[in-house]
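Undergrad: only the shape, not the letters, is given here:
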Ligand code: ADP
Ligand code: ZN
């Protein structure tokens, strides 16, 4: 029998009661209906959290109120027990966007809400609670009254005569007694203790703004800005794609647009990749845009909470942040801007697996405001949208101030002279160019997207390869830490001197990482200061900035780095950028490999020649004829995009087809395999079901197959890839099939809509 108070509709004799629809943190979409008891009627509000009984026994769960209404419930419902929040945490627009996300990304609404609200908001971190004292009405005093001293009686009387509450220390001063005396009276039941929020925790929301640099827009910028201004003035939803080469003045355009929106009293959200949230960038926004809140991953929970509340309270005009800033609780959003919109870091790789760009476009639609996407190498999805007229295309084809694009040259490694015996990372041509650049007083950046020393440790005698015990991945040798490391799960073991398999002392350490590159460069350029920047050397917060400042001041001659140095950095004295291995990202088992390679090369190349000394870029490759590499040297995104789009169409890939990826994983291989087989049968049945079938739409399922990395973190993984030219059909089939087979315990099903990596 149920243990909670129930309500059953009696349609004839009662007025409809107050109900609330509650979403719980579960992988389901439907809200639950609860009764709102009279005592909570004034506190209940959409966007607040409540505690409700759930399931059997006395289990309690916290959920979000998404609707309050008066109606007769159609079945027995339980009552809400407590309202958790004093103020609504979620705004109307966040409820709308999260609802859409739950449907689109096939996960629970509550799961999305949970992910959207920063932990610091949920825990109310950063809100300091003060202890207050207040008097107790005569009738509620303990009976019989406890024995009190005269002093104690005076204090109780004093508090009553004041007719208000006091912070405990303050009242102790007023009553000239100690806090312990008040605490004792609380214990005796003679006065009340309450907690009151005091948002006294002050955060530094930003340093003093620097005076804005006056900029006169060039004719290209004027043209682009005129279009944006027109769209802003017209109002309503409008998506624009700003395609502009690196250094073409895109950020200036953003700043103009922001100013315009702020002048109309509205707010702007600016999304940038986490990696671009450098003090340099932040200063630029702070200097020009009034009250800027910056949301980055180094914030503590309470800082994040404080930002959130300040934004929700209307105290922020511009929110600049990475992925999750798309959920900023603005009050009067006027525009959204996304810089480097092609960046894969906008995709969240855990549930809900959303893409911040796509969420932003949807949010702009729901809130009926314009959105501006900017990039030197737009994602092909966005480019295609612009080609088809869904987005308005705006272009900045040239660098500002007539600065030329850097000269990019290819070094064909097949034809470079080989040094006897030893294999070097940099070719003689690159070495020569570095010497020239350094002699002329320039600085050099070398890009290699692999950290560690050796990336392939094997025994030529028996063929043994050092792999992670928990993943199907090769271990990387890190010389400084003297360890073999799995870059996925962090597993570590001691370096090998002999082969564990055949016991021969012939283990080879091959494959190039940044650590080995650094050793080689230091050997070849003993008089130069060389610095490496990767996640091994940049472990402390702030260490980035130390290195970048030193580089800017010329204290470092050669900067070696992974993707950390590929993006956004603006160092006018860099006259040579070397790409050590352009092919590395080309051969990944991913249909986006060509696109990613082009983007990366374009970004890296953009680091060179940003000052008046000009600059060049040298790309080492074994496949110079590959379009990603050839067209990157010509800075020809448009040609690349048109070639690559043809290829995508031929192979039914995005943007022409929608993709979903389903991964089934378990510590037990047979459990995972079994579920994959069952799901496969479920798909067959659904596709044969005439009620689901959509004759005009194309649909293809690949799999189940072993995932490219079969074992990860001890879990065995099978996957499906689903392709359809209709997003709606794809979702329908997914919904039906997933409802047919529930995974057994220990089996996890992970759904990725619009996956960014395969
Ligand atoms: P992007 O964002 O496209 O890389 P930025 O907006 O950062 O380009 O511009 C590159 C540099 O040129 C910045 O230092 C910026 O201040 C400067 N700049 C931009 N527009 C102009 C202009 N019209 N005149 C002079 N300098 C400009
Ligand atoms: Zn591992």
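TA: Arrived safely. Only a predicted model underlies this, so the values are computations on that prediction, with no experimental measurement involved. Ligands and ions are numbered 1, 2, ... in the order given.

Undergrad: switch to C-alpha atoms for all contacts and neighbour counts from now on
TA: Fine.

Undergrad: close to ligand 2: what parts of the stretch 1-150 of the chain are there?
TA: Neighbours of ligand 2 within the stretch 1-150 of the chain, by CA under 5 Å from the ion: none found.

Undergrad: skipping its backbone neighbours, what lies nearest residue 68 in space?
TA: When the adjacent residues along the chain are set aside, residue 68 lies closest to residue 20, with 4.4 Å between them (CA to CA, 6 or more residues apart in numbering).

Undergrad: repeat that for residue 340.
TA: If the residues on either side of it in the chain are set aside, residue 340 comes closest to residue 375, at 4.6 Å by CA to CA, 6+ apart.

Undergrad: one step back: show me what contacts the residue nearest to residue 68?
TA: Shown in contact with residue 20 (CA atoms under 8 Å, 6 or more residues apart in numbering): 33, 34, 35, 36, 65, 66, 67, 68, 69.

Undergrad: so which of these wins on neighbours?
TA: Each of the contacts of residue 20 was scored by neighbours using other CA atoms under 10 Å; the highest score is residue 35's, at 28 neighbours.

Undergrad: the helix or strand hosting residue 477 and ligand 2 in contact?
TA: Remark: residue 477 resides in strand 476-478, with elements defined by DSSP states H and E. No: judged by CA under 5 Å from the ion, strand 476-478 makes no contact with ligand 2; its nearest approach is 10.6 Å.

Undergrad: picking that back up, which of the contacts of residue 20 fall in strands?
TA: 33, 34, 35, 65, 66, 67, 68, 69 (DSSP state E).

Undergrad: greatest separation within those: which pair is it?
TA: Farthest pair in the ones in strands among the contacts of residue 20 (CA to CA) is 35 and 66. Separation: 13.6 Å.

Undergrad: do you know the pLDDT at residue 745?
TA: The model reports residue 745 with a pLDDT of 90.

Undergrad: tell me how far it lies from ligand 1.
TA: Here the distance between residue 745 and ligand 1 works out to 50 Å (CA to the nearest ligand atom, to the nearest Å).

Undergrad: for the strand holding residue 477, packing partners?
TA: Counting contacts by 3 or more CA pairs under 8 Å, 6 or more residues apart in numbering; DSSP states H and E, strand 476-478 is packed against strand 456-458, strand 483-485.

Undergrad: for the last one, list every residue counted as buried.
TA: Neighbour-count burial for strand 483-485, with 16 or more other CA atoms under 10 Å as criterion, is recorded at 483, 484, 485.

Undergrad: quick check on residue 533: phi, psi?
TA: Note on residue 533: backbone dihedrals following degrees, to the nearest 10 are phi -130, psi 100.

Undergrad: touching, it and residue 556? I think so.
TA: No: Residue 533 is beyond contact range of residue 556, at 11.7 Å (criterion: CA atoms under 8 Å).

Undergrad: more crowded one of the two?
TA: More crowded of residue 533 and residue 556, by other CA under 10 Å: residue 533, with 23 against 18.

Undergrad: now do the more buried one, the pLDDT please.
TA: Listed pLDDT for residue 533 reads 94.

Undergrad: I'd like the distance between it and residue 543.
TA: 9 Å (CA to CA, to the nearest Å).

Undergrad: just want the phi and psi numbers for whatever residue of the stretch 401-550 of the chain ends up closest to ligand 1.
TA: Closest to ligand 1 within the stretch 401-550 of the chain is residue 401: 5.9 Å, counting by CA to the nearest ligand atom. Dihedral pair for residue 401: phi 60, psi 30, per degrees, to the nearest 10.

Undergrad: and it, how many neighbours?
TA: Each residue near residue 401 was counted by other CA under 10 Å, and the total is 11.

Undergrad: equivalent analysis for residue 341, please.
TA: Count around residue 341 with other CA under 10 Å applied: 26.

Undergrad: residues in contact with it?
TA: Listed by CA under 8 Å, 6+ apart, the contact partners of residue 341 are 272, 357, 373, 374, 375, 378, 379.

Undergrad: for the closest residue to ligand 2 within the stretch 551-700 of the chain, what are its contacts?
TA: Residue of the stretch 551-700 of the chain nearest ligand 2, by CA to the ion: residue 667 (13.9 Å). Residue 667 makes contacts with 714, 715, 716, 746, 747, as judged by CA under 8 Å, 6+ apart.

Undergrad: need the helices for the stretch 301-450 of the chain, in chain order.
TA: Assigned by DSSP state H, counting those that start in this stretch, the stretch 301-450 of the chain shows helices spanning 301-312, 356-367, 380-387, 428-439.

Undergrad: looking at those helices, which is nearest to residue 651?
TA: Closest approach to residue 651 among the helices of the stretch 301-450 of the chain (CA to CA): helix 380-387, 14.6 Å.
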